[in-house]
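**Q** This is the structure alone, sequence omitted:
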């Protein structure tokens, strides 16, 4: 066993968030504090099933003492059907402190790592009128529950495929994915709007204004969405009040972003009491944009950092695996 | 002057529909009947301003008799700012039998053709709450008015950028463009849905059913649009009742098409009385799809062939140019 003069700074286990396009690993001590971290761009899309083990070894072997076995708790796409090994979705309703009950272990070739792939969540039409899946976000939600075990409320994880989950007493009862980020990227980069749209900055008053007005407009009239998209191109051709060049492209980008997020909010916030804040989990810049959008329709928001959340969720799962012995 | 034994089969003028990606030209006799036709893929996107004249000459010179000058009436993107020469948009409200009043003539190098580029229509926020433009479709609408001079009603021209125009006594009072066709193509070919979606056939009962149900679903709840997009991917992963392989991809394509068209109809048909049919102008297959969609939400439709409409509109403009002498 590797010894260390600083008690509590010895490697106890390893936390991994293994997504589609990258992975991040953290060396954790007995108290659940981060000792070290590493990452690479070898996400699920870059790996065949037999390549995961070597990539993990490559990243974490510098952390391993001379002997001993170590748990590695992994969330994300490594547990997808097309990943390392499938950890089948748990159906909702699903208590988030019990995610580890659905963990699976991939076949390993003589390593000292004990890998646990956490499952995602699924929802069939019988549960909530529409099919849905998540893989990775459930661990961030578990991180929220690690802090607040009986949490109830609406949680949003913005992103390429934004997730909105309803939690009741620490369990996900239903959730909905919005294609918002992907829709924005396709429209901004590959549609007729690419001639009109640049990149925005919500610190610019003109962008902020265009963004919040677009959010409120589509929230009130979601049926206008696809016509307002073309209207943005027409506005670029006709509106003499728009600023010129890059400032114009920034304002129109802010408007496009507002239209896409406004459509999402008009679906996701129906029936949400104004006095009850939406909990945003994710990177600060994107969550700030969502907070501005929520405020534009009279809602409020609180924010939990995405990295903190995923680590808290992996800690919760590690604790359950260790103390209840479900897998060990 | 070229002589011909068949009176009425002499070239009198030339009609041209010059779009973004192709052009079509028709040799017309004195009675407005088609004598000949030609086309090429040299649309606006393939031409610089100085290349239009040669392309037109190349297509129509076989039709020209030994002497004489001939009017060429052109609608579409050739009159755009980035086209041959800009024919500035006419603002709505705009009487469709007067389109030719906005026609412009490009500079020509020693040709016997007198080219008239018809204008498009524009709408500013003061006219109808949103900016919009059309270029080419106004001539199809004029074709409808050529048949029914006092036409009033709602007209839809489906396509990449579907146009919905409100006509009152032969004039366009307002119109709205929906990005439906482009949105469908982006989502089907370039988003995460490309793994799930094939090509559909509404003659298949399972496709027809998936299509009409998606139309009705989004017409009733447009705010669900971007979540139903991801739901389609989740359904592909989870729904054991779906057929397998290509039949599955066809059903999901039909559902995606229904979602996109349903979103359009929820915006375009608000306040439309059920007993008043929507006039569809365009190619028969696409118009049939729209008719099925309209019927799924309790509306009715009539159909005018797109080619007939554009020719009727060009004839109307040619008559006005000739008889009123605005340009000659």
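**A** In hand now; what should we look at? Just so it is clear, the model here is predicted, and its values are computed rather than measured.

**Q** Now find how far off-centre the lowest-mean-pLDDT helix or strand in chain A is within its chain.
**A** Across the helices and strands of chain A, the lowest-confidence element by mean pLDDT, DSSP states H and E is helix A:125-128, at a mean of 74. Mean C-alpha position of helix A:125-128 versus that of the full chain (Cα atoms, centre = their mean, to the nearest Å) differs by 23 Å.

**Q** Can you name the element that comes right after it?
**A** strand A:132-134 (DSSP states H and E).

**Q** Within the sheet, what are the partner strands of that next one, with directions?
**A** strand A:121-123 (antiparallel) (DSSP bridges).

**Q** pLDDT (mean, whole number) over the strand it pairs with?
**A** On average, the pLDDT along strand A:121-123 is 96.

**Q** Which parts of the stretch 151-300 of chain A are helices?
**A** Under the criterion DSSP state H, counting those that start in this stretch, helices of the stretch 151-300 of chain A are mapped to A:180-190, A:205-220, A:225-238, A:245-268, A:284-296.

**Q** Out of those, which gets nearest to residue B:186?
**A** When the helices of the stretch 151-300 of chain A are compared by Cβ to Cβ, helix A:180-190 sits nearest residue B:186, at 4.6 Å. (Each C-beta comes from the backbone N, C-alpha and C, glycine too.)

**Q** Quick one: list the elements packing against the helix or strand where residue A:303 lies.
**A** Mapping residue A:303 onto the secondary structure by DSSP H and E places it in strand A:301-305. On a contact count with 3 or more Cβ pairs under 8 Å, 6 or more residues apart in numbering or on different chains; DSSP states H and E, strand A:301-305 meets helix A:137-147, strand A:278-282, helix A:284-296.

**Q** by how many degrees do the second one and strand A:301-305 diverge?
**A** Calculated by axes from the mean of the first three to the mean of the last three Cα atoms, to 10 degrees, strand A:278-282 forms an angle of 30 degrees with strand A:301-305.

**Q** Strand A:278-282 pairs with which strands?
**A** strand A:153-157 (parallel), strand A:301-305 (parallel).

**Q** ok and it relative to helix A:284-296, angle-wise?
**A** Using the same axes, to 10 degrees: strand A:278-282 against helix A:284-296 is 160 degrees.

**Q** need the helices of the stretch 151-300 of chain A in JSON lines with distance to chain B and mean pLDDT, can you?
**A** Formatted as JSON lines, the helices of the stretch 151-300 of chain A follow (distance: least, Cβ to the nearest Cβ, whole Å; pLDDT from 0 to 100):
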{"stretch": "helix A:180-190", "distance to chain B": "5", "mean pLDDT": "97"}
{"stretch": "helix A:205-220", "distance to chain B": "8", "mean pLDDT": "97"}
{"stretch": "helix A:225-238", "distance to chain B": "4", "mean pLDDT": "93"}
{"stretch": "helix A:245-268", "distance to chain B": "4", "mean pLDDT": "95"}
{"stretch": "helix A:284-296", "distance to chain B": "14", "mean pLDDT": "97"}
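
**Q** Pipe the ones you listed into TSV and attach distance to residue A:143 per row.
**A** TSV is the format used below for those (distance: least, Cβ to Cβ, whole Å):
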stretch	distance to residue A:143
helix A:180-190	21
helix A:205-220	28
helix A:225-238	33
helix A:245-268	21
helix A:284-296	15
